[in-house]
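Visitor: Coordinates for the following, if possible.
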Amino acid sequence: MSHDFPAYAPSEEQEMLRATVRELADAKIAPFAAEVDEDARFPQEALEALVANDLHAVHVPEVYGGAGADALATVIVIEEVARACASSSLIPAVNKLGTVPVLLSGSEELK
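Guide: Numbering: from 1, shown residues only. This is a model prediction of the structure:
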């Protein structure tokens, strides 16, 4: 992959993550995208696929049972899910939105 700004290029690990999430999204999320939108329903299949592959909240630190992914890896997951189904991309996006305040200011018991 050619980059105009190589210092800002995703790492090989991040590109592997992109490929993994893209494959998962194409296989397990995209087939339900139209139905999810047409029926205005929760994308349960996407949630199950993301949870089964530990991709629903990758930003959670390892000490709290998460993958400990950085912000770019988190965005890659959201972006690749959105590529298959915009509605489903809200699962990892809102998980980050909702948990960051807890991670920043919550008690250890809450975390």
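Visitor: where in this protein is pLDDT low?
Guide: 1-3 (pLDDT under 70).
Visitor: Please point out which parts of the longest helix along it sit buried.
Guide: Among the segments of the chain that qualify as a helix by DSSP state H, the longest is helix 86-105. For helix 86-105, the buried set under the neighbour-count rule, 16 or more other Cβ atoms under 10 Å, comprises S87, S88, S89, L90, I91, P92, A93, N95, K96, T99. Heads up, the C-betas are built off the backbone N, CA and C, glycines and all.
Visitor: can you tell me how far the residue sitting nearest the centre point of the chain sits from L55?
Guide: In the chain, the centroid-proximal residue (Cα atoms, centre = their mean) is V77; its distance is 3.5 Å. Using Cβ to Cβ, to the nearest Å, one gets 6 Å for the distance from V77 to L55.
Visitor: Can you say which helix or strand has the closest residue to A69 other than its chain neighbours in it?
Guide: Of all residues beyond its chain neighbours, the one nearest A69 is V58 (3.9 Å), with distances taken as Cβ to Cβ, 6 or more residues apart in numbering. Following DSSP states H and E, there is no helix or strand that holds V58.
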